[in-house]
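>>> Build the 3D model from these lines:
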Amino acid sequence: MPTPEEYSVLFLSVRVALVGTLLGLPIGLAVAWALAKTAMRGKVVLDTLVSFPLVLPPVVTGYALLLFLGRNGPLAGLQESLDVELLFTWFAAAMAAGLVALPLMVRSMEVAMAGVDPRLETAARTLGASRWKVFTGVTVPLAFRGITAGTLLAFARGLGEFGATIVVAGNIPGSTQTLPLAIYTNLQTGNDDAAVRFIVFSLALALAALLVHRWLLRKAAV
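Okay, here's the model as predicted:
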């Protein structure tokens, strides 16, 4: 039977993946809309930048986030004024999970938004709706299933994040040790039974998220 400590790892992993997904959601929506619905200059550059976490080793992504949150990073002053330290906390792990999962979220949302009939958006604009109103009242509702599917896919990816997390948040039991880190630790120490239990937790969560993701894609195709 799983111990209370093992359940705490499970709940921490869900919290990290959920917060990371929520952090990435507004960015994902904005980038997906820009790629799918605008003729802005520099779309290739934006598309390339968003894809970097998908193709780079996660350790590199974690190191970039480490520099971003470090003492000489752009958030150093804000952290000092608020008297908080983000590095090696569960919130840093959530940021790593969200950043690594962002490309998957953007790709799914971009496809969903590109499938929205532009004539409907044009009609809304001719009736006096602002770009924001068209986005929130037409584009997002019509692409909702695809957006939700992309969000679930990002959540599933966040659950399995390892490389970036260990760099920016460490592997601190009870604080930043998520399921992948717990599996790694227990395999290293020869505690195979605990490792198997964590693997079962990971498989169950990932399977549930992927099944819902698949169902949403089928509903969107109908």
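
>>> gap between the closest residue to I183 other than its chain neighbours and L65?
Once flanking residues are discounted, I183 sits nearest to F198: 4.7 Å by Cβ to Cβ, 6 or more residues apart in numbering. For the C-beta atoms, the positions are set from N, CA and C on the backbone; glycine is no exception. Using Cβ to Cβ, to the nearest Å, we find F198 at a distance of 24 Å from L65.

>>> can you give me the helices in this protein?
Remark: helices assigned in the chain by DSSP state H are 4-37, 43-55, 58-69, 76-82, 90-114, 118-126, 131-134, 140-142, 144-159, 163-168, 179-188, 192-221.

>>> In the first one, which residues are buried?
Burial within helix 4-37, assessed by neighbour count using 16 or more other Cβ atoms under 10 Å, is assigned to 6, 9-10, 12-14, 16-21, 23-25, 28-29, 31-37.

>>> That helix: how far from the chain's middle?
Distance of helix 4-37 from its chain centroid, counting by Cα atoms, centre = their mean, to the nearest Å, is 4 Å.

>>> quick one on the thing from earlier: what sits against the residue nearest to I183?
E6, V9, L179, A182, I183, N186 (Cβ atoms under 8 Å, 6 or more residues apart in numbering).

>>> what's around the residue nearest to I147 when sequence neighbours are not counted, how many residues?
Ranked by Cβ to Cβ, 6+ apart and with sequence neighbours excluded, the top spatial neighbour of I147 is M109, at 5.2 Å. For M109, the count of nearby residues is 29 (other Cβ atoms under 10 Å).

>>> Please determine how far M109 is located from H213.
Counting by Cβ to Cβ, the separation of M109 from H213 is 13 Å.

>>> just G190 next, same as before
35 Å.

>>> between the two, which one's more packed in?
More crowded of G190 and H213, by other Cβ under 10 Å: H213, with 20 against 9.

>>> How about that one: what's its closest non-neighbour residue?
For H213, ignoring the flanking residues on the chain, the nearest one in space by Cβ to Cβ, 6+ apart is L152 at 4.5 Å.

>>> Please name the nearest non-neighbouring residue to the residue most central in space within the chain.
Closest to where the C-alpha atoms of the chain average out (Cα atoms, centre = their mean) is G98, at 3.2 Å. Nearest non-adjacent residue to G98, counting by Cβ to Cβ, 6+ apart: G20, 3.3 Å away.

>>> Contact partners for the one you found?
Shown in contact with G20 (Cβ under 8 Å, 6+ apart): A93, A94, M95, A96, A97, G98, L99, A101, A154, G158, E161.

>>> which one of those is nearest L217?
The shortest approach to L217 among those belongs to A154, at 14.4 Å (Cβ to Cβ).

>>> got a pLDDT number for the closest one?
On pLDDT, A154 comes in at 94.

>>> who's in contact with it?
With Cβ under 8 Å, 6+ apart, A154 has these contacts: G20, T21, G24, G28, G98, A101, L102, L104, M105.

>>> Please name the residues that touch the last one.
Residues touching M105, when contacts are defined by Cβ under 8 Å, 6+ apart, comprise T21, G24, L25, G28, A32, G150, T151, L153, A154.

>>> one step back: verify the stated contact: the residue nearest to the centre of the chain with T21.
Yes. G98 lies in contact with T21 (Cβ atoms under 8 Å); the separation is 6.3 Å.

>>> That's all I had, so thanks and see you.
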